[in-house]
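J.: Sequence and computational prediction follow.
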Amino acid sequence: MGRYVIRRLLQAVLTIFLALFLLHYLTSLSIQINGNPAYAFFGGQITPTQEQLRVVAERYHTDHPCLKRVGDPCLSNFMDTLGRYANGDFGQDLRFRPVSDQVVMRVPNTLRVFAINIATWAIAGIGLGMLAAVRREKFSDYLIRAGTIISGAVPTFLFVLALKYLAGVWIGGWLRDHLGDDNVLSIIFRPSWDEAHPWLTVILPGIALAVIGTAGITRLMRTSMLENIRSDHVRTAKAKGLTGGRVLLAHTLRNSLIPVVTLIGLSLGGALGGAVITEGLWNIRGVGQFVFNAVRQNDTPIVVGVVSLVVICYLLFSLLIDLLYAVLDPRIRYE
Amino acid sequence: MTDHNGFAAGGHGAPALEVTDLVKHFPIRQGIVFKSTVGQVKAVDGVSLTLRKGETLGVVGESGCGKSTLAKLLVGLETPTSGGISVRGEDVTRLGRSGMRRLRRNVQMVFQDPYTSLNPRMTVGDIVGEPFAIHPDVVPSGGRRKAVQDLLDVVGLNPDHINRYPHQFSGGQRQRIGIARALALKPEILICDEPVSALDVSIQGQVINLLEQLQDELGLSYIFIAHDLSVVRHIADRVAVMYLGKVVEIGTETEIYDSPMHPYTQALLSAVPVPDPTLRGHRDEITLEGDVPSPANPPSGCRFRTRCWKATDRCASEEPLLQIRHGAQHANACHFAAPRDVVHAVD
Amino acid sequence: MSDTQTIEATPPTAPVKAGPEKVRGLWSDAFHDLRKRPQVLVCSAVILLLILIAAFPSLFTGKDPRDCQLERFFGAPSADAWFGYDQYGCDYFAMTIYGARPSIVVGLLATATTFILGAVIGSIAGYFGGWVDAVISRTIDVFNSIPFVLGAILILAIWRSAGDTVWPLILALTVFGWTGGARILRGSFIEARGLDYVKAAKSLGASDSRVMFRHIFPNAMAPIVSLVPLAIGAYIEAEASLSFLGLGLKPPAVTWGSMISNNVPEVLAGHPRLLIIPALFLLSATISFALLGDAVRDALDPKLK
């Protein structure tokens, strides 16, 4: 176990280091090819003085001479960046507010979105997958299959927009007219997030974000269930005379869940991208909206800082999951 | 060497293939970032054999004894750690690329599993004709189709099936395709790596008979690897028994089956089922204790001593060499070799 | 070879035909299987139409999407302008037609670049193994540790000055998209390397390139080829999402994603069609590719059924 933990930790540190270097190199290359991003600070209309440019360049660490040589990996600059990241300094936005403070303030709301997202995956994905497996080759199986293919092909932003206008504006409007503004249903069906009801108003966008991932989880759950239903240990359980329900729950479902839980973990990375669009469109004050606004305002340093921070968190999170797995399943340790 | 190989008097000619002190060790690597070699798996550890022209040498042993690695070494799929392999008196381990190509024409392999040894996306014609594509000088390109059809005919397949895919054939037919491919370059030696163990018992006989018939017609020499002694007995002229990377006993088929000297051979033979119900319970049965030790860390001295009922301190300190010992006509590697009939009834 | 009697029985000049039963390989088997499904026919027709629109938009509309006259703003659909006019008085049908090109081009090109790059890198890792494989696998891990859309957002945010071309989009999608194909091909190469027919070819003296291209590649390609239509659909989705965020092509280029993004405020202003029309076109593309891709994957990879 000790060896495994050490190996996994070393691996995680190396991956974080290399991932940050990749982000750093892409940024440096873009500055080397496209020129100083400090111009963005002043917008397109104003031509800044040299002095103003120098101040801005210093703030964003774009004054390093290596940024003028195309292809230079800018290693000293990278070491500086790593040092600043280690001190919790992920840069500032164009109004000189620290990115890290903003992110810390916004994390709880993003976690709320992800809580709804994961709950949807678990309930809808596992439930529909089980149903499709049990009713294999029957109408509901085909319906679920077609549904997952089609819903997986709808871009998240269209789902969010559809939900915003159909559920938030149309149904929500009817509810507010008939039940009053303060009814729970009226609040859930609001077309945008409300700080006063941070949980209720996050349900609809959380579900919209979950749709794409649900398709994959449903399909995996179905195949995983089918594999287990055909397996020898389930056949043995049936031969022993256990009831259908018990076989399904104790012997099939539990084993089928292992790959599905792994996929849920893997899908979180993809959902991070969708969260940018969902939070942006639903005005949820989370980390995703931060990126959404920064993109809209051409505030590149924030995008770089937040993405770096998110990547670090994501890698630490997957490290934690891996270690948890090793505790739960001893086979993994001996790989 | 020849005295160790225990040839019976017979019409077999000069050596076709000679193996001397062949060794193949696979390194075991370990490490988080930097790998270091922490040990060696001694798959083949000092094997010497001679295969004469036109004879069949059976190689038997449990799985993991190194017989498949030996086969791969002989056809050049692995390079030996040390030792020599000579074909018609020429040492092939010292050959360059072009020499290897020449060797490969002379030594060909029939694989164990006819389901995985044929490329599923190639037609039978392409599979059997591939040797001609690799060695274009063997058959001029215009005559290849005819040559492939001849080969199919030789192994007992319909030459019209040249455009079919492997999945349209049965296991036995697939193995015939594999044999046709091995014969394409007109080799003198075929290495058969358990060629029938993946087939149904009813088909095994047909393939064995085909191999024997081809040997008579084409004058081939076979090294026939198997874990099943009854199959080997049917086809082999001489038999080598391997244990943990070493040959422990070698002799003619009759010598090995009627008067086995090494305790391991005796144990293997006693486990062979005999199709005679009257013998049941009347044979000398030997049940081995324990498992085969790891080839990464074999026992000192005699490698079989951890499972041998005859083992003494001498076996741990002194390695028994493969030689003809007192009371035997053929070579074995046991300090306490003694004949014991385990095939026939004892009372 | 000794025996020629049976050969003489068949006239040597007669071309040997495949027997009475049809002999097919995996690819033609899959093709015949697919041809029978209505879902495949409909989706293929939609996809062909969209590719035709993307290649020759002027065949479908005589109007110029940039010919905008403010006095026509929010003009209703008519026989002359099927989809009406947008807030600047541009012909919305012409815009929708011309908006197909970026989506289709990005979908096809990004699939091509990611799959070729992924296939090359993956096969190198899988064929050579050892430290080459270790380095490539680590690299794949690093690229995978950056969530796809976030990575693409980052690249496009810092490369956005590149202007009115699809290349920054392709670059962004390729940089973070190649790992999928590479992983699949690496896996199939490692699997194939141990197969007996590869050993058989090697024992015959086949060269590395022959083993790779005749034996391993054709067998390793099936799982990756079966994913091509799905990947095209996914990249069209990604292109639309990035354009929606304002990270795609810059005006005056028209894309479905930016048309949707620009007209979000018009939904409540009483012009929902300005959002629904490009959305329907986008969905017809992504759903057609997804349904076709599902069928292709089934046909080529029977294990998943």
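T.: Received, thanks.
J.: Now for residue B:156: which residues touch it?
T.: B:176, B:210 (CB atoms under 8 Å, 6 or more residues apart in numbering or on different chains). Glycine gets a C-beta too; all of them are placed from N, C-alpha and C.
J.: In contact with residue C:124: list those residues for me.
T.: Residues near residue C:124 by CB under 8 Å, 6+ apart: C:132, C:136.
J.: I'd like the next helix or strand past the helix or strand hosting it.
T.: Assigned by DSSP states H and E, residue C:124 belongs to helix C:100-128. Going down the chain from helix C:100-128, the next helix or strand is helix C:130-144, by DSSP H and E.
J.: Pull the distance from that following helix to the chain's centre.
T.: 25 Å (CA atoms, centre = their mean, to the nearest Å).
J.: Output the contacting helices and strands for that helix.
T.: When contacts are defined as 3 or more CB pairs under 8 Å, 6 or more residues apart in numbering or on different chains; DSSP states H and E, helix C:130-144 packs onto helix A:2-34, helix C:100-128, helix C:167-193.
J.: show me where the stretch 1-150 of chain B has helices.
T.: With helices called from DSSP state H, counting those that start in this stretch, the stretch 1-150 of chain B shows them at B:2-5, B:67-75, B:97-106, B:124-134, B:144-154.
J.: Contacts for stretch A:165-174, please.
T.: A:186, A:189-192, A:204, C:267-268, C:272.
J.: And it, end to end?
T.: When the termini of stretch A:165-174 are compared using CA to CA, to the nearest Å, they are 12 Å apart.
J.: For the closest residue to residue C:224 other than its chain neighbours, the count of nearby residues, please.
T.: Leaving aside its sequence neighbours, residue C:224 sits nearest to residue C:184 (CB to CB, 6 or more residues apart in numbering or on different chains; 5.1 Å). As a burial measure, residue C:184 scores 21 neighbours (other CB atoms under 10 Å in any protein chain shown).
J.: Confirm residue B:157 sits in a strand?
T.: No: remark: residue B:157 does not belong to a strand; assigned using DSSP: H, G, I helix; E, B strand; the rest coil, it is coil.
J.: need the contact list for the residue nearest to residue C:224.
T.: Per CB under 8 Å, 6+ apart, neighbours of residue C:184: C:118, C:122, C:223-224, C:227.
J.: Among these, find me the one that's closest to residue C:68.
T.: Nearest to residue C:68 among the contacts of residue C:184 is residue C:227, at 40.6 Å by CB to CB.
J.: That closest one: how many residues sit nearby?
T.: So residue C:227, with other CB under 10 Å, has 20 neighbours.
J.: where's it relative to residue A:129, distance?
T.: 21 Å (CB to CB, to the nearest Å).
J.: Residue B:210 sits in which helix or strand?
T.: Following DSSP H and E, one finds residue B:210 within helix B:201-218.
J.: Check whether stretch C:97-117 comes into contact with chain A.
T.: No: using CB under 8 Å from any CB of the partner chain, stretch C:97-117 never reaches chain A; the gap is at least 11.1 Å.
J.: So for that stretch, what gets flagged as buried?
T.: Using 16 or more other CB atoms under 10 Å in any protein chain shown as the test for burial, stretch C:97-117 gives C:97-111, C:113-115, C:117.
J.: Next up, the contacts around the residue lying closest to residue C:39 once chain neighbours are set aside.
T.: Among residues not flanking residue C:39 along the chain, residue C:291 sits closest, at 5.5 Å (CB to CB, 6+ apart). Residues in contact with residue C:291 (CB under 8 Å, 6+ apart) are A:149-150, A:153, C:39-40, C:43.
J.: Number of residues surrounding residue B:102?
T.: Every residue meeting other CB under 10 Å relative to residue B:102 is counted, giving 14.
J.: Distance-wise, check residue C:213 relative to residue B:121.
T.: 12 Å.
J.: neighbour-wise, which of the two wins?
T.: Between residue C:213 and residue B:121, residue B:121 has the larger neighbour count (other CB under 10 Å), namely 19 against 12.
J.: That one contacts residue C:217, doesn't it?
T.: No: assessed by CB atoms under 8 Å, residue B:121 is found out of contact with residue C:217, at 10.0 Å.
J.: does residue C:146 count as helix, strand or coil?
T.: On the three-state scheme (three-state DSSP), residue C:146 is labelled coil.
J.: Now do the same contact list for it.
T.: Residue C:146 sits next to A:19, A:22-23, A:307, A:311, C:176 when contact means CB under 8 Å, 6+ apart.
J.: Do any residues in stretch A:229-243 lie close to chain C?
T.: No: residues of stretch A:229-243 are not located near chain C by CB under 8 Å from any CB, the shortest gap being 12.8 Å.
J.: Show me what counts as buried in that stretch.
T.: The neighbour-count check on stretch A:229-243 (16+ other CB under 10 Å) flags A:229, A:234, A:237 as buried.
J.: ditto for stretch C:50-59
T.: Under the neighbour-count criterion of 16+ other CB under 10 Å, stretch C:50-59 has C:50-51, C:53-54, C:57 buried.
J.: What of stretch C:187-206?
T.: Buried residues in stretch C:187-206 (16+ other CB under 10 Å): C:188-190, C:192-193, C:195-206.
J.: What about chain B: which of the residues you listed touch it?
T.: Near chain B, judged by CB under 8 Å from any CB, the entries from the buried residues of stretch C:187-206 are C:195-197, C:199-206.
J.: just checking, which of the residues you listed belong to helices?
T.: Secondary structure from DSSP state H places C:196-197, C:199-203 of these in helices.
J.: right, is stretch A:93-113 up against chain C?
T.: No: using CB under 8 Å from any CB, stretch A:93-113 stays clear of chain C, coming no nearer than 12.9 Å.
J.: right, and residue C:203 touches residue B:76 too?
T.: Yes: in terms of CB under 8 Å, residue C:203 counts as a neighbour of residue B:76; the distance is 6.7 Å.
J.: joint contacts of those two?
T.: Both residue C:203 and residue B:76 are contacted by residue B:104, under the criterion CB under 8 Å, 6+ apart.
J.: Give the buried subset of the contacts of residue C:291 as a PyMOL selection command.
T.: Per 16+ other CB under 10 Å, the buried members of the contacts of residue C:291 correspond to this PyMOL selection:
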select buried, (chain A and resi 149+150+153) or (chain C and resi 40+43)
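J.: from the contacts of residue C:291, which has minimum pLDDT?
T.: Note: of these, the lowest pLDDT belongs to residue C:39, at 86.
J.: can you list the domains in chain A?
T.: The record assigns chain A these domain ranges, following automatic domain parsing: A:2-86, A:104-328.
J.: ranking those domains by mean pLDDT, which is last?
T.: Among the domains of chain A, domain A:2-86 scores lowest, at a mean of 77.
J.: near chain B, anything from it?
T.: Yes: residues of domain A:2-86 contacting chain B under CB under 8 Å from any CB: A:6-7, A:10.
J.: quick check, that domain touching chain C?
T.: Yes: using CB under 8 Å from any CB, we find that domain A:2-86 touches chain C at A:14-16, A:18-19, A:22-23, A:26-27, A:30-31, A:34-35, A:37.
J.: so how far is that domain from its chain's centroid?
T.: On the basis of CA atoms, centre = their mean, domain A:2-86 sits 24 Å off its chain's mean C-alpha point.
J.: can you check stretch B:181-193 too?
T.: Here the centre of stretch B:181-193 is set off from its chain's centre by 13 Å, with CA atoms, centre = their mean.
J.: Buried residues in it, which are they?
T.: For stretch B:181-193, the neighbour count (16+ other CB under 10 Å) marks B:181-185, B:187-193 as buried.
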